[in-house]
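Student: 3D model of this:
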Amino acid sequence: MNTKLILTTVAVATAVQLAMVIAGHYVPFIKNNVFALGGMAISLVAGLAYAKLAGGGWVPSLAGGALVGGLCALIGIGVSLALKDVAPMILALGTLSSAVTGAIGGAIGKLLG
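Tutor: Predicted coordinates for the structure are as follows:
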């Protein structure tokens, strides 16, 4: 896996996750209607971007996609938890679902790459 690309992709995706989390803290519609699907969509795109940019085989594409999707979600959900906008169990469930979604993005990126 490409460590520099992982860190860059996580940084960009985390910035987008944090923008959504902070907006959701102040805008109930975002908090109530966008957090779950929006967070997973960000992880999907992060996984897709990583796999497409990194090239390589299936295992690195899927693993890298899962890693970037899960890490950006973990950070975003952690901030959301600190703001008391989500329940503690969402940290585990949201991170896991975003890692899976990131792996799906990695598969799409591999197919498109």
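
Student: what's next to the helix or strand bottoming out on mean pLDDT in the chain, contact-wise?
Tutor: Every helix and strand of the chain was ranked by mean pLDDT, DSSP states H and E. The lowest is helix 28-33, at a mean of 94. With Cβ atoms under 8 Å, 6 or more residues apart in numbering as the test, helix 28-33 has contacts from 20, 23-25, 38, 85. In this view, the C-beta of every residue, glycine as well, is placed from N, C-alpha and C.

Student: The same query, at a cut-off of 7 Å, please.
Tutor: 20, 23-24, 85 (Cβ atoms under 7 Å, 6 or more residues apart in numbering).

Student: top of those residues by neighbour count?
Tutor: Gly24 (23 neighbours; other Cβ atoms under 10 Å).

Student: doesn't Gly39 make contact with that one?
Tutor: No: here Gly24 does not reach Gly39: they are 9.7 Å apart, not a contact under Cβ atoms under 7 Å.

Student: Report the secondary structure state of the residue nearest in space to the middle of the chain.
Tutor: Geometric centre of the chain, nearest residue: Ser43, 2.7 Å, by Cα atoms, centre = their mean. Here Ser43 is recorded as helix under DSSP: H, G, I helix; E, B strand; the rest coil.

Student: and it, how far is that from Lys84?
Tutor: 23 Å (Cβ to Cβ, to the nearest Å).

Student: Fine by me, thanks again.
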